[in-house]
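Colleague: with the sequence up front, the predicted model follows.
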Amino acid sequence: QTQLVESGGGLVQPGGSLRLSCIASGFSLEYYAIAWFRQAPGKEREGISCINSNSRYINYTDSVKGRFTVSRDNSKNTVYLQMNSLKPEDTAVYYCAAGPLIIATKCPEVEYWGQGTQVTVSS
C-alpha cells in the first residue's frame with residue numbers, strides 16, 4: 001500500500017519543541033520533493049516548508065522561518081520537521097505531501113498525502 005504516515009505530534013507548552021516524521025511506505029521518497037502543510041481549525045491549509053530530493057532546495061513560509069527545520073534521510077525513507085520555539089498559533093494538523101518537484105516553486109506537485117498529525121501548543 002502506497003502511503004505517507006506522519007508521527008510526532010502532541011501537546012507541548014509554548015516555547016517547546018517537537019519533531020515530526022513523515023515515513024513513506026510502498027514507494028521510495030528518494031526522488032520526490034516533500035512539502036509540509038498545516039491546517040488550523042477554521043483556517044485554510046497552509047504550506048509551510050518544502051525540500052527537494054537531495055535537500056539542495058529548502059524553503060519556509062515566513063511565519064516559521066528560524067524556528068522550523070526540514071530535513072530528510074532518504075536511506076530511511078523519512079522526512080522530518082523539527083519545530084522549535086513553538087507558539088499557540090502553530091496549533092494545527094500537520095501534513096506531509098510528496099510529488100515531483102515544480103522547478104518554479106521548488107515545491108512538489110503533490111501526488112501523495114499523509115493523514116496528518118495534531119500539534120497543540122498550549123499552557
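Modeller: Structure's in. What do you need? Please read all numbers here as calculations on a predicted model, not as lab measurements.
Colleague: identify the residues contacting the closest residue to A24 other than its chain neighbours.
Modeller: With sequence-adjacent residues excluded and distances taken as Cβ to Cβ, 6 or more residues apart in numbering, A24 is closest to N77, at 4.8 Å. Placement of C-beta: from N, CA and C, glycine included. Taking Cβ atoms under 8 Å, 6 or more residues apart in numbering as the criterion, N77 is in contact with 23-25, 28-30.
Colleague: low-scoring stretches of this structure, by residue?
Modeller: For the chain, not a single residue meets the criterion pLDDT under 70.
Colleague: could you find the residue nearest the spatial middle of it?
Modeller: By Cα atoms, centre = their mean, the chain has its centre lying nearest to W36, at 2.8 Å.
Colleague: helix/strand/coil for that residue?
Modeller: Following DSSP: H, G, I helix; E, B strand; the rest coil, the label given to W36 is strand.
Colleague: which helix or strand contains the spatially closest residue to it that is not a sequence neighbour?
Modeller: With sequence-adjacent residues excluded and distances taken as Cβ to Cβ, 6+ apart, W36 is closest to S49, at 4.6 Å. Applying DSSP states H and E as the criterion places S49 in strand 46-51.
Colleague: following the chain onward from that strand, which element is next?
Modeller: Downstream of strand 46-51, the next assigned helix or strand under DSSP H and E is strand 58-60.
Colleague: and for that following strand, what are the contacting residues?
Modeller: Strand 58-60 has contacts (Cβ under 8 Å, 6+ apart) with 48-52, 68, 70, 106-107.
Colleague: ok, these vs L18, which is closest?
Modeller: Nearest to L18 among the contacts of strand 58-60 is F68, at 10.1 Å by Cβ to Cβ.
Colleague: one step back: tell me the strands beside the strand holding S49, with direction?
Modeller: strand 33-39 (antiparallel), strand 58-60 (antiparallel) (DSSP bridges).
Colleague: quick one, strands of this protein?
Modeller: 3-7, 10-12, 18-25, 33-39, 46-51, 58-60, 68-73, 78-83, 92-99, 101-102, 107-108, 112-113, 117-121 (DSSP state E).
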